[in-house]
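Trainee: quick one: sequence and predicted model below, then my questions.
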Amino acid sequence: MSSPLDPIRRRPLLLALPLLLSTACFESRSQKGEAAPRAVTPRGALAADELANIDVFKRIAPSVVHITTLATERDFFNRAVQQVPRGTGTGFVWDAGGHIVTNFHVIQDGSGARVTLLDQTTWPAKLVGAFPDRDLAVLKIDAPREKLPPIPIGTSRDLQVGQKVYAIGNPFGLDQTLTTGIVSALNREIESFNSRTIRGVVQTDAAINPGNSGGPLLDSAGRLIGVNTQIASPSGASAGIGFAIPVDEVNRVVPRLIRDGRITRPALGISAASEQIHRALRLPDGVALVQVSPNGPAAKAGLQPFSRARDGSIVAGDIIVAINDEPVASLDDMLTLLEKRQPGDQVTLSLSRAGRGRKVPVVLGSSD
């Protein structure tokens with residue numbers, strides 16, 4: 001049986017315990033020797049693939065830029081108008097004249113843009129031209145030529161699945177990030193931001209994240225082989241499935257944007273039937289004509305649209321099934337083939353009308 005004094009009797013023992021522990025720790029420290037940094041183990045030479053990575057980055061990084069898109073805002077109190085950052089992306093130097101290539105969606109809906117070079121100097125940019133169908137845009141800055149090393153241009157037609165690739169960009173706003181991977185697949189199709197199909201797309205597993213858009217995809221020689229544009233990811237971050245617009249398409253579009261400010265697509269002077277009409281009439285693949293502009297290229301070549309007779313029956317018109325023997329399965333196919341040509345060029349249309357085929361030459365007009 002304990003008495004009211006028992007807790008008081010135990011208190012000296014409890015107070016003594018921290019003192020004993022403190023003394024033990026002090027004695028333990030005093031017995032340790034002097035601590036010193038560990039000796040460095042020599043690493044030897046860098047591996048060949050590491051040297052290759054370093055070389056590509058050092059050579060190409062000066063050609064890669066950081067793009068900040070601006071939006072115009074009005075101050076609530078003093079009504080002053082100012083431009084504020086809206087988003088970021090990547091671009092690269094096309095030529096020493098200050099032309100910068102990026103994705104259209106990087107600058108879409110912006111009121112302005114700033115371009116930051118590797119030396120951290122920032123330059124106002126103006127829009128030279130854009131082609132939403134291929135998600136490409138060209139900006140221009142007035143920086144000194146010595147600050148603008150053009151990126152080396154490669155080809156995409158001879159790419160092979162499995163070859164090594166590099167991506168340089170600004171993911172999540174982190175400047176000059178290098179990622180590596182391989183060509184995962186070729187000839188993919190993705191949808192642009194205006195629902196046009198982009199064909200021949202390069203798929204890669206090099207890590208591509210928001211902010212990489214508009215940046216270069218490079219081969220092991222450091223040549224541009226594509227422009228990083230989209231990722232397939234349920235989370236919005238890199239899942240190892242990235243897509244790049246092939247450089248052969250970029251090299252076709254960019255010079256025309258620099259020269260004309262836009263892509264002027266050659267025209268045939270026709271209106272195409274919708275997919276619903278194709279299905280309803282059970283028409284074969286191709287572009288069925290529902291209207292032919294008077295005095296247009298198609299009218300001059302004798303093309304006829306589908307129409308209705310007085311009794312309400314359908315009068316068969318022409319269906320474009322090929323251009324210069326390249327198959328046309330849809331309107332998108334036809335537009336893609338026409339984009340490769342200029343107004344004034346002559347092409348041969350393969351036509352089908354009521355099951356009978358023929359070929360006719362047509363001189364392309366201007367979409368203006």
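Mentor: Cool, the structure landed.

Trainee: flag the shaky bits of the protein, pLDDT-wise.
Mentor: Applying pLDDT under 70 to the chain flags the ranges 1-33, 72-86, 368.

Trainee: in it, which strand is the longest?
Mentor: Assignment by DSSP state E gives strand 177-191 as the longest strand of the chain.

Trainee: test my guess that residue 52 contacts residue 220.
Mentor: Yes: with contact defined as CB atoms under 8 Å, residue 52 counts as touching residue 220 (6.6 Å). All C-beta spots, glycine's among them, are computed from the backbone N, C-alpha and C.

Trainee: for the stretch 101-250 of the chain, what spans make up the helices?
Mentor: 104-107, 247-260 (DSSP state H, counting those that start in this stretch).

Trainee: adding mean neighbour count and distance to residue 360, write those out as CSV.
Mentor: Below are these laid out as CSV (neighbours: other CB atoms under 10 Å; distance: least, CB to CB, whole Å):
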stretch, mean neighbour count, distance to residue 360
helix 104-107, 23, 35
helix 247-260, 18, 27
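
Trainee: could I get the ones you listed as CSV with distance to residue 156?
Mentor: Shown next, in CSV, are the helices of the stretch 101-250 of the chain (distance: least, CB to CB, whole Å):
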stretch, distance to residue 156
helix 104-107, 19
helix 247-260, 5
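
Trainee: out of the ones you listed, nearest to residue 236?
Mentor: Proximity to residue 236 (CB to CB) singles out helix 104-107 among the helices of the stretch 101-250 of the chain, at 14.5 Å.

Trainee: and the closest one, what other elements does it pack with?
Mentor: strand 64-74, strand 81-93, strand 122-131, strand 136-140 (3 or more CB pairs under 8 Å, 6 or more residues apart in numbering; DSSP states H and E).

Trainee: identify the residue nearest residue 283 in space, chain neighbours excluded?
Mentor: residue 319 (6.3 Å; CB to CB, 6 or more residues apart in numbering).

Trainee: circling back to that earlier point, residue 240: which of the helices and strands packed on helix 104-107 is closest?
Mentor: From the helices and strands packed on helix 104-107, taking CB to CB, the stretch that ends up closest is strand 81-93, at 19.0 Å.

Trainee: contacting residues around residue 180?
Mentor: With contact taken as CB atoms under 8 Å, 6 or more residues apart in numbering, residue 180 is in contact with 53, 164, 165, 166, 167, 206.

Trainee: can you give me every residue that contacts residue 197?
Mentor: Counting by CB under 8 Å, 6+ apart, residue 197 touches 189, 190, 191, 332, 336.

Trainee: what do you get if the cut-off is 6 Å, keeping everything else the same?
Mentor: 189, 332 (CB atoms under 6 Å, 6 or more residues apart in numbering).

Trainee: list the beta-bridge partners for it.
Mentor: residue 191 (DSSP bridges).

Trainee: what residue lies at the spatial centre of this protein?
Mentor: residue 229 (1.6 Å; CA atoms, centre = their mean).

Trainee: do you know which of the helices of the stretch 101-250 of the chain lies nearest residue 367?
Mentor: helix 247-260 (11.9 Å).

Trainee: give me the angle between the closest one and strand 122-131.
Mentor: 100 degrees (axes from the mean of the first three to the mean of the last three CA atoms, to 10 degrees).

Trainee: state the distance from residue 317 to residue 289.
Mentor: Computed as CB to CB, to the nearest Å, the residue 317 to residue 289 distance reads 5 Å.

Trainee: mutual contacts of those two, please.
Mentor: Common neighbours of residue 317 and residue 289 (CB under 6 Å, 6+ apart) are residue 305.
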